[in-house]
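Peer 1: Give me a 3D structure for the following:
(one chain, ligands or ions: 2)
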Amino acid sequence: MNMDSYPPLFSSNSNNTLTQNIDLDEPIEHTEDLDPIPVIDLQCLNLEKLDEACKNWGVFRLINHGVPSTLVSQIQDQARKLFSLSFEYKQAILNSPLSYVSGTVFLSSSGKALTTSQGLNWVEVINFPLTQLSQFQAQDSMLDSFRLVVEEYGRHLARLASTIFQVIEKNLNLDPSQSKSHLAESTGFVRVHRYPQIAKGNQAWGARVHTDSSVLSILSQDQIGGLEVFKENKWLPVKPVANTFIVNLGDMMQVISNDEYKSVKHRVRVCKQEDRISINYFVFPDFDSVIESSKYKPFTYKEFRAQGQKDIETLGFIVGLEGFKLDK
Ligand SMILES: O=C(O)CCC(=O)C(=O)O
Ligand SMILES: [Fe+2]
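Peer 2: Ligands and ions are numbered 1, 2, ... in the order given. Have a look, this model is predicted:
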């Protein structure tokens, strides 16, 4: 284990607070070879199949997406190298508009770590706001070449998100004049995670149970595994399959769809003697547009996000959509 690269938070806590009381024994449904997550082929998109996946699962596996596999492995490899630098160095070079946090997957609007009362997550996160990357030139050459790869990756992922959203719009009969406020490409960001390897025999949550607040999140994971999704009262592992992406529907998709689609609960388990890298692309509604829906009071994404931050500060956890529901 390259402890020099670990946030101090992890080296001092590795065997106690992070791994205590975290119901890691909660049963998980082990499926044999068969991967139960619905598969959506982007090259011959079946509207009905996509609709079913969104209604019944809130998550699907995307194949034939046209993102070069070399780009995905490049971003994975470079992320691995970047994370293996010393913690102090990472802190020094990963500055605005990027943010670097550990112990949580929740970031404030200014990029600060927001830690819930449920405890720490065994994860390091680097956040890349895509629209701000072209003005950012890193002093470190490794980081600067990574920035270029992230920008290219972000362009591909924005294309995937908009293609998927166009079909969802048809399936839900949404008003196409609202497309740009429902899915605002300028809000897109790429979040790179390392779930550092953990001492033998230990386990921790890399990310505790949550839903994403996005419209869509599109994930590429390496071969290690650990992601689980909640379906019909069971936790199912989302197996790593090369050349595929995992698409999660987020809270904003749930609202836009008037609850026809659900944002999927998921979590990440760390129990491996290897670092896991995952790259997630998130896209949101326009921050200032009011989202109208039959199930929730009208609100802007900016308000939703501010409420989440306030919830963490006052309650220790995010209440989420429940707090915005009409007739609770
Ligand atoms: O790393 C993963 O597999 C999922 C990460 C995640 O849930 C998130 O970024 O919101
Ligand atoms: Fe997530």
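
Peer 1: Would you mark the buried spots in stretch 89-100?
Peer 2: Neighbour counts over stretch 89-100 (16 or more other C-beta atoms under 10 Å) mark 90, 93-94, 98-100 as buried. From N, CA and C alone the C-beta is placed, and that goes for glycine too.

Peer 1: er, stretch 280-290 I mean
Peer 2: For stretch 280-290, by 16+ other C-beta under 10 Å, it's 280-287.

Peer 1: Out of the buried residues of stretch 89-100, which is nearest to ligand 1?
Peer 2: S99 (13.7 Å; C-beta to the nearest ligand atom).

Peer 1: And the pLDDT for the nearest residue to that closest one once chain neighbours are set aside?
Peer 2: Distances taken as C-beta to C-beta, 6 or more residues apart in numbering place G111 nearest to S99, at 3.2 Å, with adjacent residues excluded. pLDDT for G111: 79.

Peer 1: got it, and V209?
Peer 2: The model's pLDDT for V209 equals 92.

Peer 1: Return the distance of Y261 relative to ligand 1.
Peer 2: In this view, Y261 and ligand 1 are 17 Å apart by C-beta to the nearest ligand atom, to the nearest Å.

Peer 1: which SS class is that residue?
Peer 2: The assignment at Y261 comes out as coil when based on DSSP: H, G, I helix; E, B strand; the rest coil.

Peer 1: hang on, the earlier thing: can you give me the neighbour number for the residue nearest to S99?
Peer 2: By the other C-beta atoms under 10 Å criterion, the neighbourhood of G111 contains 15 residues.

Peer 1: Nearest residue to the middle of this structure?
Peer 2: N280 (4.8 Å; C-alpha atoms, centre = their mean).

Peer 1: What residues does it make contact with?
Peer 2: Contact analysis of N280 by C-beta atoms under 8 Å, 6 or more residues apart in numbering lists 190-191, 193, 217-219.

Peer 1: Output those in a markdown table, with pLDDT, distance to Q166 and secondary structure appended to each entry.
Peer 2: A markdown table is the format used below for the contacts of N280 (pLDDT from 0 to 100; distance: C-beta to C-beta, whole Å; DSSP: H, G, I helix; E, B strand; the rest coil):
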| residue | pLDDT | distance to Q166 | secondary structure |
| --- | --- | --- | --- |
| V190 | 98 | 21 | strand |
| R191 | 97 | 24 | strand |
| H193 | 98 | 28 | strand |
| S217 | 98 | 17 | strand |
| I218 | 98 | 15 | strand |
| L219 | 98 | 20 | strand |
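
Peer 1: Now tabulate the residues you listed in JSON lines and tack on distance to ligand 1 and neighbour count.
Peer 2: As requested, the contacts of N280 are exported to JSON lines (distance: C-beta to the nearest ligand atom, whole Å; neighbours: other C-beta atoms under 10 Å):
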{"residue": "V190", "distance to ligand 1": "10", "neighbour count": "22"}
{"residue": "R191", "distance to ligand 1": "6", "neighbour count": "19"}
{"residue": "H193", "distance to ligand 1": "5", "neighbour count": "22"}
{"residue": "S217", "distance to ligand 1": "6", "neighbour count": "26"}
{"residue": "I218", "distance to ligand 1": "11", "neighbour count": "25"}
{"residue": "L219", "distance to ligand 1": "6", "neighbour count": "22"}
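
Peer 1: Would you quantify the distance from the residue nearest to the centre of the chain to ligand 1?
Peer 2: 4 Å.
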